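Asker: Sequence and computational prediction follow.
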Amino acid sequence: MEFRTIRFREPELGVGLITLNRPDRLNALSLDMVEELAALFGQLRSQEQVRVLIITGEGRGFCSGADLKDERFRQGAATLFSSAAAHLVGVQKKYSNLITEMRRLPQPIIAAVNGPAAGGGMCIALASDVVIAGPRASFIASFINIGLSGGELGSTYFLPRMVGSARAAEILLTGRTVDATEAEKIGLVSRVAEEESLMAVAMETARIMLSKSRIGLRLTKEALNQNLTAPSLEAAIELENRNESICCITPEFTRAVETFGKGR
């Protein structure tokens, strides 16, 4: 499938690289980009040869959020903004479905945040499994700054779990900018890499993941997703027990045990 607003390639066997490609708009999420990402995610769900994904932005920005100057917004404004119901179906759910699709993908997702990540761009980073930031990265929950609720695209779900409820409330209620240094300090990102080595660090992280078993990666992501809202420790452990018993009868586990035994 040909894309106009994003690029997808496999720089190495097993790694898929998604690049948001509207640098003139700081990779803002137009409706076209949202639809192309949704189509790509749909394809990737069944592509077992792609085991780890990296998402980044072209140029000096990661993603500046929804493109409020999108021509399709302007042309369809009379319909899309005619009622809450029309907006919910025509706009809001299209954007928010990207976040749920990211979490449903079996592949771990590494966000290489190379510049500003605002609004929906910040939420794409939050919905990734690992977030690696460059020194020019910044995170802005900009919804509150344009008259919207600070809770959008999973921000009130992910952010409190990453940085704590008090910090999350302050960030979402003020719409202030969190720079890369603070983001690393409070746990919003996994680590900060030098600008010239950001993609190299993301690729090395992907390679480490690729050295693990396919089923191990997939079940780890599933457990992290489900146990965020586990009703009890017992329920969380039961899911982990199931996963480990599944993995214990795979060839990868047998080989790993044999290799470990030879090394002792």
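Answerer: Yep, that arrived. Numbering: from 1, shown residues only.
Asker: In stretch 135-149, which residues are buried?
Answerer: Neighbour-count burial for stretch 135-149, counted by 16 or more other Cβ atoms under 10 Å, picks out 136-144. For glycine as for every other residue, the C-beta is placed from the backbone atoms N, C-alpha and C.
Asker: and which of those residues is nearest residue 42?
Answerer: Proximity of the buried residues of stretch 135-149 to residue 42 (Cβ to Cβ) peaks at residue 143, which lies at 26.5 Å.
Asker: Surely the closest one and residue 152 touch.
Answerer: Yes: contact status for residue 143 versus residue 152: in contact at 4.9 Å, counting by Cβ atoms under 8 Å.
Asker: Next, show the common contact partners of the two.
Answerer: residue 119 (Cβ atoms under 8 Å, 6 or more residues apart in numbering).
Asker: ok, now which ones touch the spatially closest residue to residue 191 that is not a sequence neighbour?
Answerer: Using Cβ to Cβ, 6 or more residues apart in numbering and skipping the chain neighbours, the partner closest in space to residue 191 is residue 132 (5.7 Å). Taking Cβ under 8 Å, 6+ apart as the contact definition, residue 132 lies against 110-113, 189-193, 198, 201-202, 205.
Asker: CA atoms only: put whichever helix or strand residue 132 is part of into CSV for me.
Answerer: Assigning secondary structure by DSSP states H and E places residue 132 in strand 130-133. Backbone C-alpha positions of strand 130-133 (Å, rounded to 0.1, in the frame of the first residue of the first chain) are rendered in CSV as follows:
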residue,chain,number,x,y,z
VAL,A,130,9.3,2.1,25.2
VAL,A,131,9.9,5.8,24.8
ILE,A,132,13.4,7.0,23.9
ALA,A,133,13.8,10.8,23.7
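Asker: could you point out which element follows it?
Answerer: strand 138-140.
Asker: Which other helices and strands does that following strand contact?
Answerer: Under the contact criterion of 3 or more Cβ pairs under 8 Å, 6 or more residues apart in numbering; DSSP states H and E, strand 138-140 touches strand 116-118, helix 120-126, strand 177-179, helix 180-186.
Asker: which residues touch whatever helix or strand comes next after that strand?
Answerer: Sequence order places helix 155-163 as the next helix or strand after strand 138-140, per DSSP H and E. Identification of contacts with helix 155-163 by Cβ under 8 Å, 6+ apart yields 122-123, 126-127, 141, 143, 150, 168-169, 171-172, 186-188, 228.
Asker: For the most centrally placed residue in the chain, grab phi and psi.
Answerer: The chain has residue 128 as the residue nearest its centroid, 2.6 Å off, counting by Cα atoms, centre = their mean. Backbone torsions for residue 128, taken as degrees, to the nearest 10, come to phi -80, psi 160.
Asker: who touches it in this structure?
Answerer: 55, 102, 109-111.
Asker: what's the farthest-apart pair in those residues?
Answerer: The widest separation within the contacts of residue 128 (Cβ to Cβ) is 11.7 Å, between 102 and 110.
Asker: Surely residue 50 is in a helix?
Answerer: No: Residue 50 is assigned coil when assessed by DSSP: H, G, I helix; E, B strand; the rest coil, not a helix.
Asker: which non-adjacent residue is nearest it?
Answerer: Closest to residue 50 by Cβ to Cβ, 6+ apart is residue 16, at 4.2 Å.
Asker: My guess is residue 19 contacts residue 5. True?
Answerer: No: if you go by Cβ under 8 Å, residue 19 and residue 5 don't touch, sitting 10.1 Å apart.
Asker: Setting the sequence-adjacent residues aside, check what's closest to residue 153.
Answerer: residue 123 (3.8 Å).
Asker: what about the one you found, how many neighbours?
Answerer: 29 (other Cβ atoms under 10 Å).
Asker: Show the contacting residues for it.
Answerer: Residue 123 touches 99, 152-155, 158, counting by Cβ under 8 Å, 6+ apart.
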